[in-house]
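Asks: my questions are about this predicted structure, shown below with the sequence.
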Amino acid sequence: MRVSPQGVTVVALLADPDAPTEIARRMARILPERLADKSDRGRRFDVEVVSEPFTAGTEDLPTLMRRIVDRGRAENWDVVVALTDLPLHSHGRRLVVDLSHEHGLALLSLPTLGGLRLQTRAQRAVEEAVLGLAAPPATEAEGPLQPLLGRFVGRFAPVHPGAIGEEETADLRYVISGPRGYLRVLFGMVRANRPWRLVPGLSKALAAALATGAVATVNSTVWSLAESLGAPRLVIATVGSVALMIGWLIVDAELWHRSAEGSREARQRARLYNTSTVLTVGTGVIVCYAGLLVINWVWALFILNDEVFASATRTPLHATDYWTLAWFVASVATVGGALGSGLESDEAIRAAAYSKREQERRHMLQDDDGDQLET
């Protein structure tokens, strides 16, 4: 590893566009000071953030590591830590980080850090990686990888060392496995997709839902139906409308991934991708539903009249009736939004449901599957 003069270690955070770049930029504000405090050699650290799609077109780990090596050689960097929001795999395991002490580089897959406290977890992982890579080479008796192994695994269990091929650039690899590991990666993928962006991304569907809700709120037949429904039926209406919206978006925009490969690993990967799709779209739809519920409740407070409501339903208007009506109308409006989503282009729905890297990854998989089917 190259050592910069004047006691300064230059650290580059090579980040994929979108979320990884945002995480890297926030991290870079405090990382130099934290690294200097933890370094036992009194060194200073300069941190640079470089945003570029280094994972474009491939998920192959050796290829990605070679790209990072070539990028680091072209610049005056001592340590390179690459951040991506793609879920990467190694020998059937989900990769957390690849490290190469010889070249002073690390590749970190953010989804394996989970969906909660991502910024904090990513910062800890980067700090441990940089300190391990910047440390002087240890002797064989000391065991060069043990110090980093103990700190990293202790903080990110169920992480453990993974197998490395003889021709690979990495000399240390951590992977995640087991049910806890699967759930962590799954929620990390959902977090990377930012499901809350589904709301503004589906403008036509949202407009259809709002229009449906506005019309339904002033309809006396809807008032009577809402009055006759108990809580169990309202819950069923909610679940049914949300499920319909989720299913329609996934089917209409062709978000369901079908792998052309028949291997066990390919099937497991397809299940992981599809589960993250359902959770991503489901979270976005639930956020939309909650918004419709609030809007319809406010609209009902403004529009309902005691006398007109009583004459139509033959029951007086109570405070709970506003809530019941808004709840039922939100379900009706969600169905209207599902129909309105048909006006959205498939590209618009994918852009709203997935991160930029995830969109490119799915395009790549579709192209690969298409090539396999042709051959």
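Replies: Structure received. Numbers count the residues shown, from 1 in each chain.
Asks: list the helices and strands the top helix by length along the chain packs on?
Replies: In the chain, taking DSSP state H as the definition, the longest helix is helix 264-303. Counting contacts by 3 or more C-beta pairs under 8 Å, 6 or more residues apart in numbering; DSSP states H and E, helix 264-303 packs against helix 178-193, helix 198-201, helix 203-217, helix 231-252, helix 319-340, helix 346-353. In this view, the C-beta of every residue, glycine as well, is placed from N, C-alpha and C.
Asks: lowest average pLDDT across those?
Replies: Of all the helices and strands packed on helix 264-303, helix 346-353 carries the lowest average pLDDT, namely a mean of 68.
Asks: follow-up on the earlier one: mean neighbour count for the helices and strands packed on helix 264-303 - can I get that in a markdown table?
Replies: Below are the helices and strands packed on helix 264-303 laid out as a markdown table (neighbours: other C-beta atoms under 10 Å):
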| stretch | mean neighbour count |
| --- | --- |
| helix 178-193 | 20 |
| helix 198-201 | 18 |
| helix 203-217 | 20 |
| helix 231-252 | 16 |
| helix 319-340 | 21 |
| helix 346-353 | 18 |
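Asks: pLDDT on stretch 26-46, on average?
Replies: So the average pLDDT for stretch 26-46 ends up being 86.
Asks: CA atoms of it as CSV?
Replies: What follows is stretch 26-46, C-alpha atoms only, in CSV (Å, rounded to 0.1, in the frame of the first residue of the first chain):
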residue,chain,number,x,y,z
ARG,A,26,-22.4,12.6,5.1
MET,A,27,-19.7,10.3,6.4
ALA,A,28,-16.9,12.3,4.9
ARG,A,29,-17.7,15.3,7.2
ILE,A,30,-16.7,13.5,10.3
LEU,A,31,-14.6,10.6,9.1
PRO,A,32,-11.2,12.3,9.1
GLU,A,33,-11.5,13.3,12.8
ARG,A,34,-12.8,9.9,13.9
LEU,A,35,-10.0,8.0,12.0
ALA,A,36,-7.4,10.3,13.5
ASP,A,37,-8.7,9.7,17.0
LYS,A,38,-8.7,5.9,16.5
SER,A,39,-5.3,5.7,14.8
ASP,A,40,-2.5,4.8,17.2
ARG,A,41,0.2,6.3,15.0
GLY,A,42,-0.8,9.9,15.1
ARG,A,43,-1.6,10.1,11.4
ARG,A,44,-3.9,12.5,9.7
PHE,A,45,-6.6,11.4,7.2
ASP,A,46,-7.9,13.2,4.1
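Asks: cool, thanks, signing off.
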